[in-house]
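K.L.:
Starting from these lines, generate the structure:
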Amino acid sequence: MQAVRSLIFTSWSSDVRLDGKTAIVTGANTGIGKETALDLARRGARVILACRDVAKGKQATSDIMKEVGAAKVVVGKLDLADTNSICEFAENIYNTEKALHYLINNAGVAICPYSTTVDGYEMQFGVNHLGHFFLTFLLLDLLKHSAPSRVINVASATHTMGRINFDGLSSEKGYHPVKAYVQSKLANVLFTRELAKRTEAEGVTVYAVDPGVVNSDVMRHMRRPLQVMFKRFSLLVKSPAEGAYTTAYCVVTPEDQMVTGGYYRDCKSAACSRAGRDDGTALKLWAVSCHLLGIRWR
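P.N.:
Numbers count the residues shown, from 1 in each chain. So this is what the prediction gives:
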């Protein structure tokens, strides 16, 4: 089976070290985020596990330290569904960290029953897009100060099915969990594109990542028939470690081999959807996101 999987999925490795670098990984207590944090810790980076559940974050920290004895990993409380929590997390980062070289916006909610964030936004759009948009806004000065630095947004191939419904970003006119999810993933791609234009001259590059279909906790809300299908076709489903490869690739690959604002899959540049390349929609989404969050981001 392993031989067959090696034909399906890209095999990638790198011995690049990250000693002296600091990274934040959101949603790092499980799945792709945890594997990403482990990879960066192995390379010598200081890694901050930004987690809603601090107890699970501490367990992930313990697990990583068992794998990497000299790992420099700490936990920070971050609830992306609560702008107050995001503000508190960012304030703590400025109080404790002199530099930030990598912000990995990995956490996500997928295909869940309808609920809202503390601030009243549909949960998937609120966490997957608005939460990370606001976090990046708050931490951008530190990223600029630490340049060259990178922002990596974990998106999904499902963005190709999405459209930005500006008349119902929070599903005011009816909720469909899949439509809400793919809208949030398209938002990740568009945010990457627009942010890259605004930060390239300041030494901050930005990449969107499609990790592939990964067997992770983010799929816990998936209906049982789909879970059964996933098990039947497990050969085509990546492990969390395999799902983290492209994120790590976008962290360590030399800048002259990368394209800021680009979309990456299987450790190489890939084409995103036409909707994901729509500069007009990206700019409008940027303006609307700032309005919803009550911020000015030029």
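K.L.:
Where does pLDDT dip in the stretch 1-150 of the chain?
P.N.:
Applying pLDDT under 70 to the stretch 1-150 of the chain flags the ranges 1-10.
K.L.:
show me where it has strands.
P.N.:
In the stretch 1-150 of the chain, the strands defined using DSSP state E, counting those that start in this stretch lie at 22-26, 46-51, 72-77, 102-105, 149-154.
K.L.:
could you check the angle strand 72-77 makes with the first one?
P.N.:
Between the axis of strand 22-26 and that of strand 72-77 there is an angle of 40 degrees, by axes from the mean of the first three to the mean of the last three Cα atoms, to 10 degrees.
K.L.:
Show me the contact partners of strand 22-26.
P.N.:
33, 36-37, 40, 45-51, 76, 78, 80, 93, 97, 99-107, 132, 135, 139, 146, 251 (Cβ atoms under 8 Å, 6 or more residues apart in numbering). Any C-beta I mention is one placed from the backbone N, CA and C, and that applies to glycine too.
K.L.:
Need the strands of the stretch 1-150 of the chain in JSON lines (columns: mean neighbour count and distance to Thr260).
P.N.:
Below are the strands of the stretch 1-150 of the chain laid out as JSON lines (neighbours: other Cβ atoms under 10 Å; distance: least, Cβ to Cβ, whole Å):
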{"stretch": "strand 22-26", "mean neighbour count": "27", "distance to Thr260": "18"}
{"stretch": "strand 46-51", "mean neighbour count": "27", "distance to Thr260": "23"}
{"stretch": "strand 72-77", "mean neighbour count": "18", "distance to Thr260": "26"}
{"stretch": "strand 102-105", "mean neighbour count": "28", "distance to Thr260": "14"}
{"stretch": "strand 149-154", "mean neighbour count": "27", "distance to Thr260": "9"}
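K.L.:
Take the ones you listed and write them to a markdown table, including distance to Ser273.
P.N.:
Listed next are the strands of the stretch 1-150 of the chain as a markdown table, based on distance: least, Cβ to Cβ, whole Å:
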| stretch | distance to Ser273 |
| --- | --- |
| strand 22-26 | 24 |
| strand 46-51 | 28 |
| strand 72-77 | 34 |
| strand 102-105 | 19 |
| strand 149-154 | 15 |
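K.L.:
Nearest to Asp266 among those strands would be which one?
P.N.:
Within these, the stretch nearest Asp266 is strand 149-154; the backing value is 14.2 Å (Cβ to Cβ).
K.L.:
just checking, what packs against that closest one?
P.N.:
strand 102-105, helix 132-145, helix 177-199, strand 204-210, helix 245-252 (3 or more Cβ pairs under 8 Å, 6 or more residues apart in numbering; DSSP states H and E).
K.L.:
would you turn the ones you listed into CSV with distance to Arg265?
P.N.:
Below are those laid out as CSV (distance: least, Cβ to Cβ, whole Å):
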stretch, distance to Arg265
strand 102-105, 16
helix 132-145, 19
helix 177-199, 12
strand 204-210, 4
helix 245-252, 6
